[in-house]
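**Student:** Mind looking at a prediction? Sequence and model below.
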Amino acid sequence: MTTVGILGGGQLARMMVLAGAPLGLRFVVFDPAADACAGQLAPLQVGAFDDTAALAEFAARVDVVTFDFENVPATSARWLAERRPVFPNPAALAVAQDRLSEKTLFQELGIPLPPFADIRSRDELAAKAVEFGMPCILKTRRLGYDGKGQFRIRGEADIDAAWQALGAQVDATGLILEGFVAFDREVSVVAVRGRDGEFRAWPLTGNWHVDGVLSASLAPAPASVAQHEAAIGYARRVAERLDYVGVFALELFCRGDELLANEMAPRVHNSGHWTSDGAETSQFENHLRAVLGLPLGDTRVLGYACMLNWLGRMPDARAVLAEPSGHWHDYGKQPRDGRKVGHANLRDDDAAALADALERVGQALARQAQVEPVVRALRER
């Protein structure tokens, strides 16, 4: 029986474990936190990601290694790769960990994206902010996610405040300035590539965020056929250049008919959670199939599917479970402001019927603002 090692023990690892059980897989999860939620379902080894003694013990217990967390040190991934197969490969992980390397890759592959610049000083920041135009966004090159490590510069008066907020991190994480995109909507393509180079992608997903954190996703996205094809083509270029194995997400901005790359996530992704109940094969199962060298599953959507993210604390499940195709996913976490604690998936063959179900859920849970943009997108089809 094959044992899969997962670096990171959060909800993504938890859902991988659930998807791997029917495949007869065993798991060992490695995480610095003793209460990591995947440890409720699989053996948990507690240790620092840079502790080579702990990593050696972990490697001895598993046959193959993957991630649920992209900020695992690339040096640790390379160390493990000398002892066990590691997917995605450490080089791909390193590129995705650094926004400058990532955006340079997009540029080299001919994928459209907003202007960007490496920032080393306050004077460079001021000059590039004027060149790009304001608003623009100063970000840490590494370690930021879900809106963290960012400062929006709305005018010249914000330049000093931005440097004061993030400038001290210029040596530790690096800084990048990105031009602001006045986008119409945000979308993502979740894709998978196998060990043999087989590539598949789920339909383009439409995403809505609140304070930089995903609130809701809809598949297929409200986008043109050309946009669907372009996004999947961009994802294929990235996967092939990096010799990527496993699932990843490419996040994009829609501006009119144009798609602009934002960033990639080298792992199963929040915007692909709908696939657990709304696709022929989930992102979690296909990630494991890819990592193990198994044939990939079909990625077609079953009608229309929506994911609603739950932050802070879980709402009452009954409103979702009362719907014929409502599915509940509780991560087993303690409530905490802003924490991702679970999600719900709803699916229907008919767009109008799914919109009706979302309206009922939104009203029952006092979440009308969360479901409203998805309902509108479904009604406009």
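**Tutor:** Everything's here; your move.

**Student:** Tell me how this protein divides into domains.
**Tutor:** Taking automatic domain parsing as the reference, the chain has its domains at 3-86, 115-179, 185-379.

**Student:** Just the helices from this structure, written as ranges.
**Tutor:** Remark: helices assigned in the chain by DSSP state H are 11-20, 52-61, 74-81, 90-97, 99-108, 122-132, 159-166, 225-242, 275-278, 283-292, 318-321, 351-364, 368-379.

**Student:** hang on, the earlier thing: mean pLDDT lowest for which of the domains of the chain?
**Tutor:** Here the domains of the chain differ in mean pLDDT, and the lowest is domain 115-179 at a mean of 90.

**Student:** residue closest to the middle of this protein?
**Tutor:** In the chain, the centroid-proximal residue (C-alpha atoms, centre = their mean) is residue 269; its distance is 3.3 Å.

**Student:** Verify the stated contact: residue 255 with residue 185.
**Tutor:** No - the pair residue 255 / residue 185 is not scored as a contact, 9.1 Å apart, by C-beta atoms under 8 Å. C-beta here means a position set from N, CA and C on the backbone, and glycine is covered the same way.

**Student:** In CSV, list the C-alpha atoms belonging to stretch 53-68.
**Tutor:** Backbone C-alpha positions of stretch 53-68 (Å, rounded to 0.1, in the frame of the first residue of the first chain) are rendered in CSV as follows:
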residue,chain,number,x,y,z
ALA,A,53,16.0,15.4,11.5
ALA,A,54,12.2,15.6,11.5
LEU,A,55,12.1,15.6,7.7
ALA,A,56,14.4,12.5,7.6
GLU,A,57,11.9,10.7,9.9
PHE,A,58,9.0,11.8,7.7
ALA,A,59,10.8,10.6,4.5
ALA,A,60,11.4,7.2,6.0
ARG,A,61,7.6,6.8,6.6
VAL,A,62,6.4,7.7,3.1
ASP,A,63,6.8,6.7,-0.6
VAL,A,64,6.1,10.1,-2.3
VAL,A,65,5.8,13.7,-1.1
THR,A,66,3.5,16.5,-2.0
PHE,A,67,2.3,19.8,-0.5
ASP,A,68,-0.8,21.6,0.8
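
**Student:** Show me which positions of that stretch end up buried.
**Tutor:** In terms of neighbour count (16 or more other C-beta atoms under 10 Å), stretch 53-68 has its buried residues at 54, 55, 58, 59, 62, 64, 65, 66, 67, 68.

**Student:** will you turn the residues you listed into a markdown table that also has distance to residue 375?
**Tutor:** Output for the buried residues of stretch 53-68, formatted as a markdown table (distance: C-beta to C-beta, whole Å):
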| residue | distance to residue 375 |
| --- | --- |
| 54 | 48 |
| 55 | 47 |
| 58 | 45 |
| 59 | 48 |
| 62 | 44 |
| 64 | 42 |
| 65 | 41 |
| 66 | 36 |
| 67 | 35 |
| 68 | 31 |
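
**Student:** Which one of the residues you listed is nearest to residue 178?
**Tutor:** Residue 178 lies nearest to residue 67 out of the buried residues of stretch 53-68, by C-beta to C-beta, at 24.9 Å.
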